[in-house]
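**Student:** 3D model of this:
(chains A and B)
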Amino acid sequence: MTDWSTKYEMVVGLEVHVQLKTRSKAFCGCSTDFGAPPNVNTCPVCLALPGALPAVNAEAVRLAVRAAIALEFTINHTSVFARKNYFYPDLPKGYQISQFDQPVAVHGTLHARIPGEAKLRDIAITRLHMEEDAGKSIHDRYPHMTAIDLNRAGVPLIEIVSEPDMRSPAEAGAYLRTLKQLLEYAEISDVSMEEGSLRVDANVSARLHGAAKLGTKTEVKNVNSFSAVEKSLQAEFDRQCALLESGDSVEQMTMIWDATTGTVRPARSKEESHDYRYFPEPDLPPLILDEDYVTRVRKGIPELPQQLRERFTSEFGLSDAELDAVTDDPQTAMYFEGVAHAHGDAKHAAKWVMGEVAAALNESGTKIRGFAVRAHQLAELLDMIRDGKLSHTAAKAVFATMLASGKSAPVVVAELGVTQVGDDAQLEAWIQEAFADLPDETARFRAGEKKLTGVLVGAVMKKSKGRADPKKVNALLGKYSK
Amino acid sequence: MENIIDNVSEAVDRATDPKVGSGGLNIIIATNREASLSAAEQVSVAYGGGDTMALAGVPIVVKDNIATFDMPTTCGSRILAAYTSPYEATAITRLRAAGAVVVAKSNMDEFAMGSSTETSAYGMTRNPLDPERSPGGSSGGSAAAVAAGITRVALGTETGGSVRQPAAFCGVVGVKPTYGRVSRFGLVAFGSSLDQIGVFARTVREAAAVTYAMAGADQYDSTSADVPVPVAPAEIEAHRGKTLNGVTIGIPSEYFPESLDAPMRARCDAAIEALRGLGAKIVDVSLPHTSLAVPVYYVIAPAEASSNLARFDGVRYGPRAADSIDLREMYENTRTRGFGDEVKRRILIGTYVLSHGYYDAYYRKAQAVRALISRDFDKVFASGVDALFTPTTPTPAFKLGAVTDPYEMYMSDIFTATANLAGVPAISIPIGRVEGLPVGGQFITSHFDEPRMFQVAAALEATLGDEAHS
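**Tutor:** Take a look at the predicted model:
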């Protein structure tokens, strides 16, 4: 594959649809539960029965404003709902209630964290508007028929449209990951791409480095993960560069990402150019968001990732890598903070949260919420390590048992009989046994070959079935060497 | 309380009389005797139990674009053939709570698009006063129901005059409340920013009672207004026949053009003299943007309609053209077969004026002019005028089939569309006849000033007496 990046510059803008975490839909009282049987969460309003009218869900407005505040937007004190008209079977009214020329907020900024870069990258966001979701068309359920599930119809969304401010797949990925994290911390959305509560359309174009004018963009759809976004952008960029290089021009169109082949292809039928005939929604008065209201919403925003990082830095002195790991999502951060406070040694806590805890979650494919070893229980285990009651090796075994049984560290330690041994006489006895087993190494050690200390400590640990306190063994061995 | 049930039963008898059915005047398109009698029994029990009900046992005919769950709601359209709503309009719920009993659904221009009740998929309605003539529209069925004596009150709906114009044609009282006074929830939308449920009645007092019974803020309609509802048919009663001393009534010159027929003008002049005789101060006023109302109306209403009627797509309810080969064809066939010509015409107009490149020239411009029309009213009312008096229509009821040019038909809204565009309340009452045909006089007041509107209308009604119908 040719590397075009030396000649051409990639320009990316992202449109992100985020489902707001409300109990009821945007314009009616129906539940937003994911996974209910088809068409159960519907009513005259979201079915668009004749005569039904929308009424705005105040909670959806609150979450949209919260997002606008978290993303440093200028909030429009008057915004207007608009109808976006088009026909589709899963769009019951024949129009989507959205916002057009007067959205909730304009001119936001996201401080994207790019892996390996200390400095945050500021990415400009054009607008944030509220709208409702459509239902789902299911084409593969019944032969020659399309099934319609309107449970999702009317679920509240915000659309966050960035400026074409990103220059690489990595930057786009960083934007998305930072955005997701922010929305999760602010409790605005579940931000699950699998459940569709976060959806990404990427606009990408290529131009010669230094060119002032943007190239013709295409829109890449059907991307189901952040890494797919990155891969699809690269694939589409490469396709565009190859076209430009051969003297062809890029045609504005929609490209579909195929994850199995790792390629993009044009959308099957060329999308008809839609005239959505936007006009102000006459069924809803303008949305008035006065300064008092915005202030109240602002006060309700939980601690956001950047604030948390700053606090963890000053409170715990964590490194960037440690911060990345323990603040990845708010539940992990809360868990870490619980362990760190109960245990006292934040670095030690971070090491375990990043190590054993992350590995266990990874293996079970679960989230930290509901993790079998509660924060105070892990702290208790870490206390025992610090106090010399448990070797690191034994601690891992204890942790595994705690995870499986839900029992506390002292109980598991007693049951397994793995309490660390610091008694000089017992340690001395194990040392002598180790000397006997390794006469050659022992002789060289006694002659002054200090690098063999590790081997001998290992042998002692083996003799003690891991219960010997390695620090003490180390100290005791010292007197045998020249 | 037997008489409640008897009254309702007799009203159902009248509504099911073949003379008002499809073979006759074609006023009524649905009844449900069992449901109506059962509702009457419930009211009878509650009323006997001491509930105070403003409309205990009052039989009412409802226009077919207002959702009721015991009779179909078809909007006079094939595309909603046999459709029955699983929920009821807020207005209906409130009227039922006040003791009213729905006895029939009335014929109407398809989706309320028309001024003659000739565009209904169920055939045209005839004017009970002269079956060769139109009852007006689009609420012609409800106007005719009251004129024919099926019930004393009926519900219609207005977008550009669809209650007042047929009220004038049929010689009954017709009310369009302030936009926002009555919830639109359950009123099948035509022009959402203009639509309002209205009332037909034999008398102003009855019209007021029904208007107030269904008025008030509704959480299901964000455009309904949280404005206190006047309590007061008693207040109306107090004004009956009393003087209008201290009341200023404006006569807008734009509503009395040179072209207005002399007999119409004479009827209006007589009414104005009667008002003067009651002690009202009569002043000449001007609403300079009046002539722009019809063009503005015929941009805004179709624009909203083109979007509102998108839901009739054959996917969830109504007949579907199942013989189509793909989705697009299904949409086309369903809507081609389901909608009549006038509805199609307005969907096309509306789609056009909202289209990219035309929006500014039509829709945006129309909204700007609408604001001017609104301001005309604001200025006049701010100048000390309490109510405006005008003819309701330029002519009495025309013959069925006589108006074939859509533009000519649209012009029959010329004196009524202004109130819808400005959102102000208006009432039409009979003020006499020309060649045996009723003539309507219109009062318009400022936003939420229905009390004043009913006061002046009731005073004129009482003074004119039998003269209003001769």
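**Student:** Contacts only, for whichever residue of the stretch 51-200 of chain A sits closest to chain B.
**Tutor:** Residue nearest to chain B within the stretch 51-200 of chain A: A:G94 (2.4 Å; Cβ to the nearest Cβ). To be clear about C-beta, it is placed using only N, CA and C from the backbone, and glycine gets the same treatment. Shown in contact with A:G94 (Cβ atoms under 8 Å, 6 or more residues apart in numbering or on different chains): A:48, A:85-87, B:307, B:309-311, B:313.
**Student:** tell me the SS of the closest residue to B:A145 other than its chain neighbours?
**Tutor:** Excluding its sequence neighbours, the residue lying closest to B:A145 (Cβ to Cβ, 6 or more residues apart in numbering or on different chains) is B:V61, at 4.2 Å. The three-state assignment at B:V61 reads strand, by DSSP: H, G, I helix; E, B strand; the rest coil.
**Student:** Next, count neighbours for B:V61.
**Tutor:** 32 (other Cβ atoms under 10 Å in any protein chain shown).
**Student:** I figured it was touching B:T151, is that so?
**Tutor:** Yes: using Cβ atoms under 8 Å, B:V61 is in contact with B:T151, at 5.0 Å.
**Student:** and for those two, which residues touch both?
**Tutor:** With Cβ under 8 Å, 6+ apart, B:V61 and B:T151 have common neighbours B:15, B:103-104, B:145.
**Student:** what sits against A:L403?
**Tutor:** Per Cβ under 8 Å, 6+ apart, neighbours of A:L403: A:360, A:372-373.
**Student:** Doesn't it belong to a helix?
**Tutor:** Yes: the assignment for A:L403 by three-state DSSP puts it in a helix.
**Student:** Can you classify A:G13 by secondary structure?
**Tutor:** Going by three-state DSSP: A:G13 is strand.
**Student:** One more: the one 4 residues further on?
**Tutor:** At A:H17 the chain is in strand, as set by three-state DSSP.
**Student:** Could you point out the longest helix of the chain?
**Tutor:** Chain wasn't specified; assuming chain A. Criterion DSSP state H: the longest helix present in chain A is helix A:226-245.
**Student:** switch to chain B, that's the one I care about
**Tutor:** Under DSSP H, chain B gives helix B:365-382 as its longest helix.
**Student:** Show me which residues of the stretch 101-250 of chain A are close to chain B?
**Tutor:** Within reach of chain B by Cβ under 8 Å from any Cβ of the partner chain, the stretch 101-250 of chain A has these residues: A:146, A:148.
**Student:** The next helix or strand after the longest helix of chain B pairs with which strands, parallel or anti?
**Tutor:** Moving toward the C-terminus from helix B:365-382, the next helix or strand (DSSP states H and E) is strand B:387-391. Sheet pairing for strand B:387-391, assigned by DSSP bridges, gives strand B:248-252 (parallel), strand B:437-444 (antiparallel).
**Student:** how distant is stretch A:58-70 from the center of its chain?
**Tutor:** 20 Å (Cα atoms, centre = their mean, to the nearest Å).
**Student:** wait, I meant stretch A:435-455
**Tutor:** That offset, for stretch A:435-455, works out to 50 Å (Cα atoms, centre = their mean).
**Student:** pLDDT (mean, whole number) over that stretch?
**Tutor:** Regarding stretch A:435-455, the rounded mean pLDDT is 89.
**Student:** Now do the buried residues in it.
**Tutor:** A:435, A:438, A:441-442, A:445, A:452-453, A:455 (16 or more other Cβ atoms under 10 Å in any protein chain shown).
**Student:** Could you tell me the end-to-end distance of it?
**Tutor:** 11 Å (Cα to Cα, to the nearest Å).
**Student:** Any chance you could list what contacts that stretch?
**Tutor:** A:434, A:456, A:459, A:474, A:477, A:480-482.
**Student:** The same query, at a cut-off of 7 Å, please.
**Tutor:** A:456, A:459, A:474, A:477, A:480-482 (Cβ atoms under 7 Å, 6 or more residues apart in numbering or on different chains).
**Student:** out of those residues, which are buried?
**Tutor:** A:456, A:459, A:477.
**Student:** Work out for me the element the last one sits within.
**Tutor:** The one in question is A:L477. Per DSSP H and E: helix A:470-478 holds A:L477.
**Student:** so can I have a markdown table of the contacts of stretch A:435-455 showing distance to chain B and secondary structure?
**Tutor:** Converted to a markdown table, the contacts of stretch A:435-455 look like this (distance: Cβ to the nearest Cβ, whole Å; DSSP: H, G, I helix; E, B strand; the rest coil):
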| residue | distance to chain B | secondary structure |
| --- | --- | --- |
| A:L456 | 79 | helix |
| A:A459 | 77 | helix |
| A:N474 | 75 | helix |
| A:L477 | 80 | helix |
| A:Y480 | 86 | coil |
| A:S481 | 85 | coil |
| A:K482 | 90 | coil |
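**Student:** now, which of those sits nearest B:I427?
**Tutor:** A:N474 (101.5 Å; Cβ to Cβ).
**Student:** Give me the nearest residue to that closest one, chain neighbours excluded.
**Tutor:** A:V457 (5.8 Å).
**Student:** Is it correct that that neighbour is in contact with A:A475?
**Tutor:** No: A:V457 is beyond contact range of A:A475, at 10.4 Å (criterion: Cβ atoms under 7 Å).
**Student:** ok, the two, which is more surrounded?
**Tutor:** Higher neighbour count among A:V457 and A:A475: A:V457, with 19 against 12, using other Cβ under 10 Å.
**Student:** can you map out the helices along the stretch 101-250 of chain B?
**Tutor:** Applying DSSP state H, counting those that start in this stretch to the stretch 101-250 of chain B gives helices spanning B:140-147, B:164-170, B:204-214, B:233-239.
**Student:** Now do the longest one: which elements does it pack against?
**Tutor:** Applying 3 or more Cβ pairs under 7 Å, 6 or more residues apart in numbering or on different chains; DSSP states H and E, one finds that helix B:204-214 makes contact with helix B:90-97, strand B:173-176, strand B:196-201, helix B:233-239, helix B:450-464.
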